[in-house]
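Trainee: Give me the fold of what follows.
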Amino acid sequence: MRYYGCKTKLLDYISDVVASLPVKKGATFFDIFSGTAAVGKHFKKLDYTVYSNDFLEFAHAFARCYIETNSKPRFANLKINEDVITYLNDLKGKVGFITKNYSPYGKNVRQYISVENAKKVDVIRETIESWKESKKISSTEYYYLITSLIDAINLVSNVTGTYAAYLKTWDARALKPMKLSHPKIIPSIRENKSFNEDANKLVSKYSVDILYLDPPYNARQFASNYFFLELIAEGWFKKQPEIYGGSGMRPYEHQKSDYSISRKAADALNDLVMKAKAKYILLSYNNEGIIPHEKIREILSKRGKVKVFEKSHRRYRAINQDGSNVVTKESLFLVKVEK
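Mentor: Numbers count the residues shown, from 1 in each chain. Predicted coordinates for the structure are as follows:
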């Protein structure tokens, strides 16, 4: 999944720090800004009890599928004579909301996705929604299929990595036919949980062993940069969103994060940290973030002694499109909570 801020390349670095902590087997690891659930999936594989949260619906779908779901859904109430993913892939495309607004169909010039792939997105998304509304699939099965669709779209979308704009010429992979596949479910005996809430409101509701914080660190709002995937997850069936501009953005004021607003970010972090009910707080932040590291230390030190670990790595490619190899420094701030 192309997603800026994703910690896939830093998983060993993070898990090495966590492995040094004296916590019991199956300890609760709360990834409260989960994004695409890369960190949560890693710790689920390591047999932690994982709680995952993100206030974007498409990210919540990932968590429902990859974190909360511990075995492949059976789709027992869905009366079809073939594998559900095969069935969806074989559906004949139709012109719908996505085709009309986000592919170069008719007089539309937007090219987030090819016309044929957009038609497939429309028919598949409408089919999934109808199954949910008629109770032919459970909520777990619903999010499993939404995740499969979003994963498939991401492989054929005509963007650099974020969806704030589409490419003016077609990327070769965007012209390939879209094909869904089964998400790879991580087996677990733990009661893993997923949430779709404001982190600052959720954090005080659960006592956990490790609270992992990976908040947005710059002024790029995730709700706008990934609005297209959010549209897919939310749907457009009860009320079509009012889209605007050359990109076809939909309103996202209700999903703006204080962590991406310079004048609000430090206060938001302070509020979260002071509300936390955890034995350990582990915060990821890099040297390009809008909260100075000295301020982060000041905030975290209110709860206990702060240790800092640092690692350099190449910046996410979609943000750095000029071909240069910009190196950024990722810091892990660790606090054993004593106050």
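Trainee: what about the strands in the stretch 51-200 of the chain?
Mentor: With strands called from DSSP state E, counting those that start in this stretch, the stretch 51-200 of the chain shows them at 193-195.
Trainee: where in it is pLDDT low?
Mentor: By pLDDT under 70, the stretch 51-200 of the chain has no low-scoring segment.
Trainee: at 90 instead, please
Mentor: 79, 161-162 (pLDDT under 90).
Trainee: Quick one: the helices in it, in order.
Mentor: Along the stretch 51-200 of the chain, counting by DSSP state H, counting those that start in this stretch, helices occupy 57-63, 84-89, 97-102, 115-133, 139-156, 199-202.
Trainee: just those helices: most buried one?
Mentor: Compared across those, helix 57-63 shows the largest average neighbour count, a mean of 25 (mean count of other Cβ atoms under 10 Å). Every residue, glycine included, has its C-beta placed from N, CA and C.
Trainee: mind exporting the helix or strand harbouring residue 267 as PDB, just the C-alpha atoms?
Mentor: Element membership for residue 267 (DSSP states H and E) is helix 262-275. Extracted in PDB, the C-alpha atoms of helix 262-275 (Å, rounded to 0.1, in the frame of the first residue of the first chain):
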ATOM      1  CA  SER A 262       1.300  23.900  13.400                       C
ATOM      2  CA  ARG A 263      -0.500  26.000  16.000                       C
ATOM      3  CA  LYS A 264      -2.400  23.000  17.400                       C
ATOM      4  CA  ALA A 265      -0.200  20.000  17.100                       C
ATOM      5  CA  ALA A 266       1.800  20.300  20.300                       C
ATOM      6  CA  ASP A 267      -1.300  20.900  22.400                       C
ATOM      7  CA  ALA A 268      -3.000  17.900  20.800                       C
ATOM      8  CA  LEU A 269       0.000  15.700  21.600                       C
ATOM      9  CA  ASN A 270       0.100  17.000  25.200                       C
ATOM     10  CA  ASP A 271      -3.600  16.300  25.700                       C
ATOM     11  CA  LEU A 272      -3.200  12.800  24.400                       C
ATOM     12  CA  VAL A 273      -0.100  12.000  26.400                       C
ATOM     13  CA  MET A 274      -1.700  13.300  29.600                       C
ATOM     14  CA  LYS A 275      -4.800  11.200  29.100                       C
END
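Trainee: Quick one: residues in contact with the helix or strand following it.
Mentor: Downstream of helix 262-275, the first helix or strand assigned by DSSP H and E is strand 278-286. Contact partners of strand 278-286, identified using Cβ atoms under 8 Å, 6 or more residues apart in numbering, comprise 7, 10, 14, 17-18, 21, 23, 30, 207-215, 217, 273, 291, 293, 296, 300, 303, 328-337.
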